[in-house]
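> What follows is a predicted protein model with its sequence.
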Amino acid sequence: MPHTTPSPFRVPEIADLHDAALAAALQAAIDGKTKPLGSLGRIEWLAQRVGAVLGTATPELREPQMLVCAADHGLAARGVSAYPSEVTHQMVRNFVAGGAAVSVLARQHGIALTVVDCGVREAVPEQPGLLSRRLGPGTQDALEGPAMSAEQCEQALAHGADVVRGLPGNALLLGEMGIGNTSAASLLLARLGGFEVSDVTGAGTGLDADAVLRKIGVLRAVLQRHAQAREPLAALAAFGGFEIATLAGAALQAAAERRVILVDGFIASSAVLVASKLRPHLLQRCVFAHRSGERGHALMLAHLRADPLLDLGLRLGEGSGAALAWPLLQSACALLNQMASFASAGVSQSAIDAAPTARAEPELTAADASRKPAR
C-alpha cells in the first residue's frame, strides 16, 4: 500500500481506566454465574481486565491483530547472538509465506497477521501482509554510539502508532523478530528497571555459557558508553532497536484507543516497559501472555507488576506466546457473556455460597513476583 510519512509523534494521553461502577458490575456478573465464587481462578481476573479495557460488562473481542515488527541490530556484529543477522530477513519471508510458528498459530486462531519491516538489513519487498516502515538497514552499533538518532526513534514511534490506526478490531497482539534484540531488551531493562545487567541477560537464540559471559561484558560496556541516557526515549534511542521503538508506538496508540494489548515475551515486554514509563496507565490495557524462558523476563514482569497467563518455557518470540494465550481471552469473554446465572438456570446460589471457596488470587505485586524464580 502507498505509504506517507506520519506526522511528528506526540505521546498520546492515556487515561486511568479505574471505574468503580463498572468493576462492581463485572464482579457481580462473574459471581452470579453457576459456579462457586472464584472457582474459575485467573480466568475471572481476565474477564475483569478485558471488560475494563473495553468499558463494558459484556465485552466482545473483535478482529484481533497480530503485529510482528522486524529489524536488525548493529550490536549483533559483536557476537551477542548465536545466529547471523541474515536470519532476520529470512524469517520475515517465512512469516509472509505462512511457515513460521506465529503464522501457523495466527491462522489457527483467526488472528490477522501484519509484519512490518522496520529496518531489516536486506529489505523485503512490500506485499500483502508485509508493510515497509524502514528507517535504514538496521540500527548502529550501540557500543560506538547511539543505536538510532532521536529523530529515528521518534519516527519509529510514529510508524507504530500509524500502523495501529490503520488496523481494525479491538485487540492488538505484539510480536517481533530481530537477531540481537534480546541484547537491546536487556539493556532497556537494566537501565529503566535499575537491574544489574548480568541478572537480566540470557542465552537469547542459544548462546553457550562462555558466550553469555562475553555478551554480558559487551552489554556492560554499552551501558557505560551511554551512562547519561536515563530517560525512556533517550534509553530507547541509545540501545535500539527500530522494531522495539515501533512496538512501543503501537502499544501507546492501542492503549489510547482502548484496545486490549496482549504482550508476547521478553522483547515485546521491553517495548511495553518503555511505553509504560511514558504513560503508566498503559499497563491497565495489557495482558501478559507468558513468562519466557529468557533469563530477564521474570524480572521484567516483576518490575511491571504483571502476572502472565502461561509459563511454558517459551523463548521463540515472534508473538508465538501471545497467539497461544489468545484463546484464554476468548474463553473469558464467552464465559462472561454466555454462562448461565443462578437466576436464569434455576440453581440455588445459597447452597453453593455456603461452601468454603476463595476468589481468584489478585495480580501479583512487584515484591511477590520478584520472589518467583526465573526459569
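Great, that's in hand. Residues are numbered from 1 along each chain as shown.

> Where does the prediction get shaky in this structure?
1-7, 350-375 (pLDDT under 70).

> 90 instead, please
1-8, 79, 81-83, 124-126, 202-208, 210-212, 342-375 (pLDDT under 90).

> show me where it has strands.
Taking DSSP state E as the criterion, the chain contains strands spanning 65-71, 112-119, 130-132, 171-177, 260-263, 286-288.

> And the contacts of the fifth one?
Which is strand 260-263. 49-50, 53-54, 61, 170-174, 251, 254-255, 269, 272, 282, 285-289, 322, 325-326, 329 (Cβ atoms under 8 Å, 6 or more residues apart in numbering). Bear in mind the C-beta positions are built from the backbone N, C-alpha and C, glycine included.

> now with 6 Å?
50, 53, 171-174, 251, 254, 269, 272, 285-289, 322 (Cβ atoms under 6 Å, 6 or more residues apart in numbering).

> same thing with the third one?
By Cβ under 6 Å, 6+ apart, the list of residues contacting strand 130-132 from outside reads 96, 115-117, 126.

> dump the residue contacts of Gly313.
Contacts of Gly313 (Cβ under 6 Å, 6+ apart): Gly293.

> Find the residue closest to Arg165 in space, skipping its chain neighbours.
Gln253 (6.3 Å; Cβ to Cβ, 6 or more residues apart in numbering).

> Would you map out the domains in the protein?
Per automatic domain parsing, the domain ranges recorded for the chain read 20-60+329-360, 65-327.

> Among the ones you listed, which comes closest to Glu13?
domain 65-327 (7.0 Å; Cβ to Cβ).

> Compute the first-to-last residue distance for that closest one.
This stretch, domain 65-327, spans 14 Å end to end (Cα to Cα, to the nearest Å).

> sorry, back to before: return the most buried member of the domains of the chain.
Ranked by mean neighbour count, the domains of the chain are led by domain 65-327 with a mean of 22 (mean count of other Cβ atoms under 10 Å).

> buried sites along stretch 12-21?
Residues of stretch 12-21 classed as buried by neighbour count (16 or more other Cβ atoms under 10 Å): 12, 14, 17.

> wait, the first one sits on Ala256?
What that stands for is Pro12. Yes - with contact defined as Cβ atoms under 6 Å, Pro12 reaches Ala256; the gap is 3.8 Å.

> can you tell me which residues contact the spatially closest residue to Val50 that is not a sequence neighbour?
Of all residues not flanking Val50 in the chain, Pro59 sits nearest, at 4.8 Å (Cβ to Cβ, 6+ apart). Taking Cβ under 6 Å, 6+ apart, we find Pro59 in contact with 50-51, 333.

> Show the backbone phi and psi for Pro59.
phi -70, psi 140 (degrees, to the nearest 10).

> How much space separates Ile43 from Leu329?
Distance from Ile43 to Leu329, counting by Cβ to Cβ, to the nearest Å: 10 Å.

> re earlier: among the buried residues of stretch 12-21, which ones are in helices?
Assigned to helices by DSSP state H, none of these qualify.

> So which of those is the closest to Asp210?
Ile14 (43.5 Å).

> Excluding chain neighbours, what is closest to that closest one?
Spatial nearest neighbour of Ile14, chain neighbours left out: Arg279 (4.2 Å); criterion: Cβ to Cβ, 6+ apart.

> Quick check: beta-bridge partners of the most centrally placed residue in the chain?
The residue lying closest to the centre of the chain (Cα atoms, centre = their mean) is Val263, at 2.6 Å. Beta-bridge partners of Val263, counted by DSSP bridges, are Leu174, Phe288.

> By residue count, what's the longest helix in the protein?
helix 320-338.

> okay, the angle between it and strand 112-119?
Counting by axes from the mean of the first three to the mean of the last three Cα atoms, to 10 degrees, helix 320-338 lies at 150 degrees to strand 112-119.

> Taking strand 171-177 as reference, get the angle to helix 320-338.
Going by the same axes, to 10 degrees, helix 320-338 makes 170 degrees with strand 171-177.

> Please name every helix or strand in contact with helix 320-338.
helix 42-54, helix 101-109 (3 or more Cβ pairs under 6 Å, 6 or more residues apart in numbering; DSSP states H and E).

> what sits up against that helix?
Contacts for helix 320-338 (Cβ under 6 Å, 6+ apart): 43, 46-47, 50, 58-59, 61, 101-102, 105-106, 109, 173, 262, 264-265, 289-290, 309-310, 314.

> if I look at the residue nearest to the centre of the chain, how far off is Asp208?
29 Å.

> for Gln140, same thing?
Distance from Gln140 to Asp208, by Cβ to Cβ: 27 Å.

> go on, Asp162?
Counting by Cβ to Cβ, the gap from Asp162 to Asp208 is 41 Å.

> Over to Val274?
Relative to Asp208, Val274 is positioned 30 Å away (Cβ to Cβ).

> ok so, going back, if I take the longest helix of the chain and helix 101-109, what angle do their directions form?
Using the same axes, to 10 degrees: helix 320-338 against helix 101-109 is 20 degrees.

> and the angle from helix 320-338 to helix 42-54?
Using the same axes, to 10 degrees: helix 320-338 against helix 42-54 is 90 degrees.
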